[in-house]
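Enquirer: Structure of the sequence below:
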Amino acid sequence: MKKTILLTIVMTAILAIALSIGAFAAEEITTEAVDTTIGAIEQTEQAPKLLSLIFSGGALAIIGAALTVGLAGIGSAKGVGMAGEATAGILSENPNLFGKCFVLMALPMTQGIYGLVIAFLIVMKAGLFEGGMEAILSLSVAQGAYYLMAALPIAAVGLISALKQARVAVAGINLLSKRPDQVGKAITSAALVETYAIFALLISVLLVLLG
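Expert: Here you go, the predicted structure:
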């Protein structure tokens, strides 16, 4: 699991850097093509157009929004699944504990919500709601790369914190099977992990809003 998480973060960082570099390269190629003769442009216009679409500022912004939902959502889905499995085992012996276990089971899902919030903010700031695809395509490469980087804190921290929080939640659920009166301590322990997801959310929010 640790190797998978580390590999995911490394691949995400490499993807972000590669896309940013490719975007700036594509913009430079397009600019140079415009400055050439008309004949040269007619011969080479397909490649710059393709590069400018794939590595455009709008594409980078959309990728950033997708990463926040995708990575944080994967962490939340896995975390809720882990807590749900533990809850099912406890309920087979004591169905009356569902209400107390439900809070612990639901805690890891918040990271996915945080990622969704950042994705909406990026799409809103990029102008998709007002100007549609024209607004997205009008974003500069620098703007798109900025939104992509702003998405990384909650995307990476959301993934890891959801999985770590799920492990604490599972331990808390196991505690409730023996000591149902300790629900407050179990929830508090799991909620502490949430702090770092909130920190990442605040940074991503500030970066997107100030961009």
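
Enquirer: Mind checking which residue lies nearest the centre of this protein?
Expert: Thr68 (1.6 Å; CA atoms, centre = their mean).

Enquirer: ok, and the closest non-adjacent residue to that one?
Expert: Distances taken as CB to CB, 6 or more residues apart in numbering put Gly115 closest to Thr68, at 4.0 Å, once the chain neighbours are dropped. Where C-beta positions appear, they are placed from N, C-alpha and C, glycine not excepted.

Enquirer: count of neighbours near the one you found?
Expert: 32 (other CB atoms under 10 Å).

Enquirer: just checking, it touches Gly64?
Expert: No: contact status for Gly115 versus Gly64: not in contact, 10.8 Å apart, counting by CB atoms under 8 Å.

Enquirer: pLDDT weak spots in this protein?
Expert: Applying pLDDT under 70 to the chain picks out residues 1-55, 129, 131-137.

Enquirer: switch to 90 and redo it
Expert: Flagging of the chain using pLDDT under 90 yields the residue ranges 1-63, 84, 86-104, 106, 123-145, 147, 173-191, 210-211.

Enquirer: Quick one: the helices in it, in order.
Expert: Secondary structure of the chain by DSSP state H: the helices cover 2-35, 38-44, 46-54, 57-91, 98-106, 110-126, 128-137, 141-178, 183-210.

Enquirer: residues in contact with the closest residue in space to Glu93 that isn't next to it in sequence?
Expert: With CB to CB, 6+ apart as the criterion, Glu93 has its nearest non-adjacent residue at 6.9 Å, and that residue is Ser177. Contact analysis of Ser177 by CB atoms under 8 Å, 6 or more residues apart in numbering lists 90, 93-94, 97.

Enquirer: Need the max-distance pair from those residues.
Expert: Using CB to CB, those reach their maximum pairwise distance at Glu93 and Leu97, which is 8.6 Å.

Enquirer: who has more neighbours, the two?
Expert: Legend: neighbour count by other CB under 10 Å for Glu93 and Leu97, higher for Leu97 (17 against 8).

Enquirer: how near is the more buried one to Gly89?
Expert: To Gly89, Leu97 is 11 Å away according to CB to CB, to the nearest Å.

Enquirer: again, but for Leu152
Expert: From Leu152 across to Gly89, the span is 36 Å (CB to CB).

Enquirer: From Ala126, how far off is Ala59?
Expert: In terms of CB to CB, Ala59 sits 11 Å off from Ala126.

Enquirer: Which one's more surrounded, the two?
Expert: Neighbours were counted for Ala59 and for Ala126 using other CB under 10 Å; Ala126 has more, 26 against 22.

Enquirer: Pretty sure the more buried one sits against Leu139.
Expert: Yes: between Ala126 and Leu139 there is a contact at 6.0 Å, judged by CB under 8 Å.
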